[in-house]
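Q: Turn this into a structure:
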Amino acid sequence: MRNKAFTLIELMVVVAIIAIIAAILIPNYLRARDAARHHAAIPSGPPQAEPAPPEGPPAPPILRLNADLTVSNWTTRSGMDVTSRYRLSYSGQLHVQGPGLLRIPFPHKTEEAMNVRVRLRQGSSEWEPQNWTVTRWGLSLPVEAMQKTEVSIRFETLGRDQVQLDLPPSPKLGRLQMRLVAEDKGSELSELSLQPQRTPVAGQYEWELENLVSESPILLEMPVSHSLTGQVMLLCRLAGLAVLLFGLGFWYLGELYKPGCLSRFGWGHFLMLALTYSCFFPALSVLTVSLGLPLGQALAMAAAMAQPLLIFHVWRCVDLRFAVFYVLPLADLTLALVVNGVFGGPWREALFLAAGFVAMALVTLSYGRWRNHRQAWKLQQLKELQERVQHLIEQVDRLPSHAQTRPISNQAEALTACLDRIHPGVYTYVQNQADALQAALTAAARTRPPAPASSDSHCTGCGQPGCTGNFCSGCGQARVRVQNCPCGTRLCLTSKLEKDFHCPGCGRVFK
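A: As a prediction, this is how the structure comes out:
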């Protein structure tokens, strides 16, 4: 009887659709969740993106600004969500000429400011002012002297996601000399940022500008995908794509190895196959994120834990040779492709190109054999189906003719019309009709009443009519009775059998 479960290729189509939908919805869901958490953390009051700068006298002209910025960042994890946090160390000297209110802004969305220090210097005098204030927006310092004043400022701030630092507001910035050092190599300056004149070393940016009038901030992006935790979480999100690639290769190699070996591969088999294959990803996450093992060592240990389960499952479903020589290389190749997509670095595109050429070469070399095996298997299936239909029709022909067998005869006639024209296009239809006819024959065999005894029977010994007992009343000969087996076979039995008698048509026992 045909298996009613989904075929493997149908399941692969479903998985592909689910993977595409998840790839679209999951990033949007994570962004919406982050936005909700951010708004929930804002105290009650009028909603605003950033605290407004303090109002007061206009800012004094800044004759010169020298600043050194150092940014170090790390990642924090909450479930499958990874956030990048940073620490900014700022050290600068400003030459201003008052009067006015000097404002030094903190980075946008600063969560914490610490170690804030301010020193003033005029000529040979140096002191720490008493009238400066610090808010979430930044630092404010009134400058009252008309002469040139040097202001030294140091502070550290904590934030997340990105560093967005505005320049001190001023009618005109005479000379800017700034140096930014990003300790994490994955950090990069945004295109919307004030662009530097030179980048001597990766992760270091320098600005040297004269008479600057600009509202562009210093904008440093710190994507979490560059951190090990972010890369591992991204790899886990790509598990659906890896399962899809593995499933397609598994179906092709299965039909190449032995056509029809996956014909009964239903939903339960596919689910277990996907779960055993995906064990690699949680194992890698635990080894790298929780235990802190190096990436290469964690990859080797995760594969060593997940691959034996996969081989054992395929061994139970198909056989050991197929599991070791076909499925294991396929699993290693698909996992290597997904890992390369996350950790490949500058060699990512070249490795993808090489894997694509290798896959196309294997398919080109094996496609002829795959097609011939599939055609031979289909012809064998059609031949077996024709033999089954012919056997069912012979059983119908042996049924006694009465009203209850008319629907069965009609089904047999429909199958007889299709017997010589069975081809792959109607294979499923003929198979379903054969299943229905088999069920009807089984039901008819269970419900058909026994044939009534003939009232005008004659004795086989003396020929006396009206012999209805077990023995003839005239000569005492044992009577021979005619009985129809439920399978349609006509039997001649004596009234008393010395041993069990089996029907030659179906093997039914008569006593």
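
Q: contacts, neighbours, all on C-alpha from now
A: OK.

Q: which SS state does Thr229 fall under?
A: Three-state assignment for Thr229 (DSSP: H, G, I helix; E, B strand; the rest coil): helix.

Q: Thr229 and Cys236, how far apart?
A: 11 Å (CA to CA, to the nearest Å).

Q: These two: which is more packed in?
A: More crowded of Thr229 and Cys236, by other CA atoms under 10 Å: Thr229, with 24 against 21.

Q: Now do the same contact list for the more buried one.
A: By CA atoms under 8 Å, 6 or more residues apart in numbering, the contact set of Thr229 is 75, 77, 82, 288-289.

Q: mind redoing it with 7 Å?
A: Residues in contact with Thr229, defined by CA atoms under 7 Å, 6 or more residues apart in numbering, are Val289.

Q: helices and strands around the lengthiest helix in the chain, which ones?
A: In the chain, assigned by DSSP state H, the helix with the most residues is helix 348-397. On a contact count with 3 or more CA pairs under 7 Å, 6 or more residues apart in numbering; DSSP states H and E, helix 348-397 meets helix 406-419.

Q: Report the rounded mean pLDDT for the helix it packs on.
A: Averaged across helix 406-419, pLDDT comes to 62.

Q: what's the answer for stretch 383-394, then?
A: 72.

Q: now stretch 336-346
A: Rounded mean pLDDT across stretch 336-346 is 83.

Q: and what of stretch 257-272?
A: Rounded mean pLDDT across stretch 257-272 is 80.

Q: Would you mark the buried spots in that stretch?
A: 257, 259-260, 262, 264-266, 269-270 (16 or more other CA atoms under 10 Å).

Q: So which residues of this structure form helices?
A: 8-41, 228-237, 239-257, 267-278, 280-285, 295-317, 320-322, 328-343, 348-397, 406-419, 427-447.

Q: Sketch out the low-pLDDT regions of the stretch 1-150 of the chain for me.
A: 1-56, 77-81, 145-146 (pLDDT under 70).

Q: can you map out the strands along the stretch 51-200 of the chain?
A: Per DSSP state E, counting those that start in this stretch, the stretch 51-200 of the chain carries strands over the ranges 62-78, 81-97, 100-105, 112-122, 125-127, 133-134, 138-143, 148-160, 162-165, 173-182, 188-189.

Q: so which of the ones you listed gets nearest Pro329?
A: When these are compared by CA to CA, strand 81-97 sits nearest Pro329, at 32.0 Å.

Q: C-alpha coordinates for that closest one, CSV please?
A: Below are the C-alpha coordinates for strand 81-97, written out as CSV (Å, rounded to 0.1, in the frame of the first residue of the first chain):
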residue,chain,number,x,y,z
ASP,A,81,20.1,38.6,20.4
VAL,A,82,23.6,40.1,20.4
THR,A,83,24.3,43.8,21.3
SER,A,84,27.6,45.7,20.8
ARG,A,85,28.6,48.0,23.7
TYR,A,86,31.5,50.4,23.8
ARG,A,87,33.7,52.6,26.0
LEU,A,88,34.9,55.9,24.7
SER,A,89,37.9,57.7,26.3
TYR,A,90,38.1,61.4,25.3
SER,A,91,41.0,63.7,25.9
GLY,A,92,41.1,67.1,24.3
GLN,A,93,42.4,70.7,24.5
LEU,A,94,40.4,73.6,23.2
HIS,A,95,41.6,77.1,22.6
VAL,A,96,38.7,79.5,23.0
GLN,A,97,38.2,83.2,23.3
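
Q: List the buried residues of it.
A: For strand 81-97, the neighbour count (16+ other CA under 10 Å) marks 82-97 as buried.

Q: and of the residues you listed, the nearest to Ala67?
A: Gly92 (3.9 Å).

Q: Please name the nearest non-neighbouring residue to the closest one.
A: Nearest residue to Gly92 in three dimensions, chain neighbours excluded: Ala67, at 3.9 Å (CA to CA, 6 or more residues apart in numbering).

Q: Could you do Tyr90 as well?
A: For Tyr90, the spatially nearest residue (CA to CA, 6+ apart) is Leu69, at 4.9 Å.

Q: Beta-bridge partners for that neighbour, please?
A: Taking DSSP bridges as the rule, Leu69 bridges to Tyr90, Leu180.

Q: Just confirm it contacts Arg179, I think it does.
A: Yes - if you go by CA atoms under 7 Å, Leu69 and Arg179 touch, sitting 6.2 Å apart.

Q: What sits closest to Phe352 if chain neighbours are left out?
A: Nearest one to Phe352, counting by CA to CA, 6+ apart, is Leu337 at 7.0 Å.

Q: Low-confidence regions, the stretch 401-511 of the chain specifically.
A: If you take pLDDT under 70 as the line, the stretch 401-511 of the chain has these spans: 401-433, 437, 441, 443-483, 486-502, 504-507, 510-511.

Q: Ok, which of the strands of the stretch 51-200 of the chain comes nearest Val389?
A: Using CA to CA, the nearest of the strands of the stretch 51-200 of the chain to Val389 is strand 81-97, at 58.9 Å.

Q: From the rest of the structure, what touches that closest one?
A: Here strand 81-97 makes contact (CA under 7 Å, 6+ apart) with 60-77, 146-161, 222, 224, 230.

Q: Recalculate using a threshold of 6 Å.
A: With CA atoms under 6 Å, 6 or more residues apart in numbering as the test, strand 81-97 has contacts from 61-76, 146-161, 224, 230.

Q: And for stretch 365-379?
A: Stretch 365-379 has contacts (CA under 6 Å, 6+ apart) with 256, 259.
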